[in-house]
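**Q** What follows is a predicted structure for the sequence shown.
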Amino acid sequence: MSRITAVLGPTNTGKTHYAIERMLAYRSGVIGLPLRLLAREVYDRIVKARGAGVVALVTGEERIVPPRAQYWVATTEAMPEIGAEFVAIDEIQLCADPQRGHVFTERLLHARGSHETLLLGSDTMRPAIAALVPGVQFMRRERFSTLSWAGSKKISRMPARSAIVGFSVDDVYAIAELLRRQKGGAAVVMGALSPRTRNAQVEMYQSGEVDHLVATDAIGMGLNLDIRHVAFSSTEKFDGRRMRPLFPHEMGQIAGRAGRHTEPGTFGVTGEAAPLDEGLIAAIENHRFAPISRLVWRNSALEFGTMDRLVGSLEAASDSEWLMRGREADDLSALKTLRDMPEIRDRVTTPSDVRLLWDVCRIPDFRSISPAEHTSLLLRIFNFLQEGGIPNDWLARAIERIDRTHGDIDALSKRLAFIRTWTYVAQRSGWVNDETYWREATRTVEDRLSDALHAALTQRFVDRRTSVLMRRLKQKETLVAEVNDKGEVSVEGEFAGRLEGFRFRADTTQNPDEARMLNRAAYEALRPEFHLRADRFYNAPDTELDFTEQGGLMWGNAAIGKLVKGSEPMKPGIEAFVDEEAGADIAEKVKRRLQHFIDRKTATLFEPLLAMSRDEALTGLARGFAFRLVENLGIIRREEVANEVKELDQDARGLLRKHGVRFGQFTIFLPAVLKPAPTRLRLVLSGLWDGLDEFPESPPPGLVTIPNLPDVPVRTYTLSGYRPAGDRAIRIDMLERLADMLRTQDTRAGFEANADMLSITGMTLEQFANLMEGLGYAAEKGERAKTRAEPAPAAVETPAAVDHDHPLTEEESVLAAETRAQWEAEQAEKRKAEVEAEAASESAEAVDAEAVAETTPEMEVFYTFRWAPRPRNPRPQGADRRPRQDRGAAPQQVRAPRADGEGQGERPRGKKPQGEFKGKPKGGKPQRRDDRNDRAKSFSARPPRAEKPIDPDNPFAALAALIKKD
């Protein structure tokens, strides 16, 4: 005869463990558990003890049944009726649950093992079991440890190994987020989680990766966890219909999870929960609660003749005073809704149709969207089943829409709820065509979503680096830091921040408390890395270092320091970027290496300037002028040093030219320092010396002209190697080449721009006119008939063919100009004759056609340029209004001053050269003619200056000697 035993008592008494031992003592057994999560835990324990070949797992959404199954682990609703020797039902006090109580009551009344039956639960069930189960024996198991009240605690002061209980998803997430910020994170356990997600979260807590657990009241259903303290964040819950206070026995069930085996546990409240009264505290500590007086019951003897008879049998009342009908369950509500649909009444005509409809109505509403949505799904499934089964393509599309692992926690949780519906459907025999395939497919999708949900929960509610570092620091263990090639710092395998050069940048995602702790751990672990990196940096070649246009100093992609103002423009100082925690010796080593780098860089790029500053042969005015050049980093506008230039004799200029100094018409400069690299460094050094907050950037290399912006100072253009003129600024070396071309032109009578002038500046004619106006010329615009260009004779060398590296002498320039003028006159006469002949031909053709077509010649725009400088400052009435000798681009006579300065202020005012080359060449030689009487004369009130000796190195020295001889 079967023995029935009720094993009752508080939590932490080992009742489930006792039931497993009793079941394994028989050849077969079935154990019913309240949660799918707990069923999976028990299944794993029995498999470990007896092997997977003899253990079956059956839940609403999972079915693992080996051929030789002896022991069956199931949820209470899915317990099979197989006539096993042993049957156990856990958490039997759930017979009083309004939603699921009728299932547990049914098992209490009818589930029996052939040899032994165990009813496991709370002492509150003793009177009901005694009244409803004849011949039952009672066994009380006492708690292994004590449970005591700990009062109210803030979450920030919650001790380690604590579980905080919330009664809504929002509460659980909010508490977990707070614990992440203050304690490093928390594991999350809810009844809606899949077993895979729940096990991963529990393992994270059990392994000590996090010290806190946030859970719903599902934690009270037999989950065996290492918990020392349980805190209630609320004492009310929503039971599916309304908010109600927690029953004392419910609170005792949850609080009893504190304390493992013989280790004492505590319970309390936190957050907005009010402290418990003394009587309730005593009841929980002693596990003394009022007995349950009514069990929820529903008739199990169902009639499937018609839908109405089925509904009537489900709503039948019990004749026992211990049994009462509970609230209307979801399956009965769905049945009533479908019964009232005309299409269902037409299709459900036989008892088998009624039974099938009832099986469909028992599909749980995992999605919890709305009753109407759930009923619509049930209707569609029922229609498919009546037609032979759910179509594969329809089911595949439904699962495919769910099989997505991206999204936040809410999205993944909804997809998990949806896949649970299809997992349940796939477990029903005969509902799908290939049961094995669809069971595996739905489980695979559920596993993927479960893993994604676990990852999302961990990412949101667990700061791994903080929890790991806090644990290691508490244990005072040596921390291991690693720095990869991207500079990412990992401490104990957790990302802590980045090491940028010699500065550690902690990850900014943590709160200030976490940041302080993380910095302390990271610096402690990075101490050896700082020394290794300093040695590697000190021995690195200069090619790995560079400076930025704002004065920063870089080692690869890392900022190591910056330049600061030094004692001289070309001797900047260094400020190294090194954390104080790295040590003063590291900072000094980095600073010394950076100083070596910038000193060598300056010496290389400004070698001509430094060599000139060290030349002891430069004395007097030449040495003073060299100092001005060094002070201005190799470039000075001529008008700024006009007086000093006039005072330099030819010997002094010769000494300066030996160092590469060029005395241009507009700028005094060293061509070697105009290259892009020196220009870039020059702008940085000048910005430091001038104390600028932001340094100007160097223009892109290779540009002849750049825009002349009104907000940019003229000094910036000069340091960049450009001179503003009009709307553009032109590179100073190209401007000097243009000035050489302009000297061959008649600047008083006027001249036009030739192709060489436009080519050297890279401008259109209109842009060139604007440039010339900026240089002091008047540009007169005109139009004329366009003529076809003729190829130039090969024998005549035009100015475009002149080698600018070897400029023409003055005699050669005049001769070339006169020769070109003669050739252009001949070409003009030739074109005129051709035009006349062409006009006559066109006239004849027009007469023959009896129509005279008057053609308008194509017009072209040209500019005539004349020297017309504007005075810089207004002069008083009657003062000398002549332009200054050291200003502008053109001379007082027809010829412009020479580029080396000899033509500016070096001969008495009004004195002209001995002669000029004029007229056409005859016999291959130009005819000399003195035209002094044909030219305008100039006069001066000052006495004429004494002529300075001619520099023998001057390229015009030979020409000057020839003129003097003639």
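**A** Now that the structure is in, tell me what you want to look at.

**Q** contacting residues for V311?
**A** By CB atoms under 8 Å, 6 or more residues apart in numbering, the contact set of V311 is 332, 335-336, 339. Any C-beta I mention is one placed from the backbone N, CA and C, and that applies to glycine too.

**Q** Looking at those residues, state which has the most neighbours.
**A** Counting neighbours by other CB atoms under 10 Å, the top entry in the contacts of V311 is L335, with 24 neighbours.

**Q** Now that one: closest residue in space, sequence neighbours ignored.
**A** Take L335 and drop its neighbours on the chain: the residue closest to it by CB to CB, 6 or more residues apart in numbering is C361, 4.5 Å away.

**Q** I figured that neighbour was touching D331, is that so?
**A** Yes - counting by CB atoms under 8 Å, D331 is a contact partner of C361 at 4.7 Å.

**Q** And those two? Which one has more around it.
**A** C361 (23 against 19).

**Q** per-residue confidence for that one?
**A** Confidence at C361, expressed as pLDDT, is 94.

**Q** Quick check on it: phi, psi?
**A** phi -60, psi -20 (degrees, to the nearest 10).

**Q** contacting residues for it?
**A** So C361 contacts 331-332, 334-335, 338, 378 (CB under 8 Å, 6+ apart).

**Q** go again using 10 Å as the cut-off
**A** By CB atoms under 10 Å, 6 or more residues apart in numbering, the contact set of C361 is 310, 329-339, 374-375, 378, 382.

**Q** Report the separation between it and R380.
**A** For C361, the distance to R380 (CB to CB, to the nearest Å) stands at 13 Å.

**Q** likewise G497?
**A** Distance from G497 to R380, by CB to CB: 54 Å.

**Q** related to what we said a few turns ago, so what sits against both of C361 and D331?
**A** By CB under 10 Å, 6+ apart, the residues touching both C361 and D331 are L378.

**Q** re the thing from before, right, and out of the contacts of C361, which lies closest to F663?
**A** H374 (95.7 Å; CB to CB).

**Q** Strands of the stretch 1-150 of the chain, start to end?
**A** 3-8, 29-33, 55-58, 63-64, 71-75, 86-89, 116-121, 137-140, 147-152 (DSSP state E, counting those that start in this stretch).

**Q** Which neighbours in the sheet does the longest strand along the chain have, and how are they oriented?
**A** Longest strand in the chain by number of residues, with DSSP state E as the criterion: strand 558-568. Strand 558-568 pairs in its sheet with strand 552-555 (antiparallel), strand 571-576 (antiparallel), by DSSP bridges.

**Q** Format those strands as CSV; extra columns: mean pLDDT, distance to A39 and mean neighbour count.
**A** Converted to CSV, those look like this (pLDDT from 0 to 100; distance: least, CB to CB, whole Å; neighbours: other CB atoms under 10 Å):
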stretch, mean pLDDT, distance to A39, mean neighbour count
strand 552-555, 93, 60, 19
strand 571-576, 93, 64, 18
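
**Q** Please name whichever of the ones you listed is nearest to E644.
**A** strand 571-576 (24.4 Å).

**Q** Tell me the helix or strand right after the closest one.
**A** Later in the chain than strand 571-576, the nearest helix or strand by DSSP states H and E is helix 584-605.

**Q** helices and strands around that following helix, which ones?
**A** helix 512-538, strand 545-547, strand 552-555, strand 558-568, strand 571-576, helix 607-614, helix 676-690 (3 or more CB pairs under 10 Å, 6 or more residues apart in numbering; DSSP states H and E).

**Q** Tell me the buried residues in the helix or strand containing Q459?
**A** Assigned by DSSP H and E, Q459 belongs to helix 435-461. Using 16 or more other CB atoms under 10 Å as the test for burial, helix 435-461 gives 438-439, 441-443, 445-446, 448-454, 456-458, 460-461.

**Q** swap in stretch 270-278?
**A** Buried, per 16+ other CB under 10 Å, within stretch 270-278: 270-271, 273, 276.

**Q** Mean confidence (pLDDT) on that stretch, please.
**A** So the average pLDDT for stretch 270-278 ends up being 90.

**Q** can you give me the end-to-end distance of that stretch?
**A** 17 Å (CA to CA, to the nearest Å).

**Q** Over to Y863: give its phi and psi.
**A** Dihedral angles for Y863 - degrees, to the nearest 10 - are phi -120, psi 140.

**Q** Test my guess that it contacts E780.
**A** Yes - Y863 is in contact with E780 according to CB atoms under 10 Å; the separation is 6.6 Å.

**Q** Which stretches in the stretch 201-350 of the chain count as strands?
**A** 212-215, 229-232, 236-238, 243-245, 265-269, 295-297, 323-325.

**Q** for these, which one sits closest to P10?
**A** strand 265-269 (11.2 Å).

**Q** Name every strand pairing with the closest one and say which way it goes.
**A** strand 147-152 (parallel), strand 229-232 (parallel).

**Q** Export the strands of the stretch 1-150 of the chain to TSV and append columns for mean neighbour count.
**A** Listed next are these as TSV, based on neighbours: other CB atoms under 10 Å:
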stretch	mean neighbour count
strand 3-8	20
strand 29-33	26
strand 55-58	23
strand 63-64	18
strand 71-75	25
strand 86-89	26
strand 116-121	24
strand 137-140	12
strand 147-152	16
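
**Q** And the ones you listed, which one averages the lowest pLDDT?
**A** Among the strands of the stretch 1-150 of the chain, strand 63-64 scores lowest, with a mean of 88.

**Q** elements contacting that one?
**A** helix 36-50, strand 55-58, helix 409-427, helix 435-461.

**Q** Pick out the least confidently modelled helix or strand of this protein, by mean pLDDT.
**A** strand 916-917 (a mean of 36; mean pLDDT, DSSP states H and E).

**Q** measure L132 to L323 for me?
**A** Noted for L132: a distance of 8 Å to L323, by CB to CB.

**Q** list residues touching both of those two?
**A** Between them, L132 and L323 share the contacting residues 95, 105, 109, 295, 297, judged by CB under 10 Å, 6+ apart.

**Q** which of the residues you listed has the most neighbours?
**A** In terms of neighbour count, C95 stands highest of the shared contacts of L132 and L323 at 30 neighbours, by other CB under 10 Å.

**Q** In contact with that residue: list those residues for me.
**A** Counting by CB under 10 Å, 6+ apart, the residues that C95 touches are 89, 101-109, 119, 121, 125, 128-129, 132, 292, 294-297, 322-323.

**Q** try 8 Å this time
**A** Here C95 is in contact with 101, 104-105, 108, 125, 128, 292, 295-296 (CB under 8 Å, 6+ apart).

**Q** In helices, which of the residues you listed fall?
**A** Secondary structure from DSSP state H places 101, 104-105, 108, 128 of these in helices.

**Q** what's the average pLDDT for stretch 655-665?
**A** pLDDT averaged over stretch 655-665 gives 92.

**Q** buried stuff in it?
**A** 655-657, 659-665.

**Q** before we move on, the earlier item: pLDDT added to the shared contacts of L132 and L323, as TSV?
**A** TSV is the format used below for those (pLDDT from 0 to 100):
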residue	pLDDT
C95	94
T105	95
L109	93
L295	94
W297	94
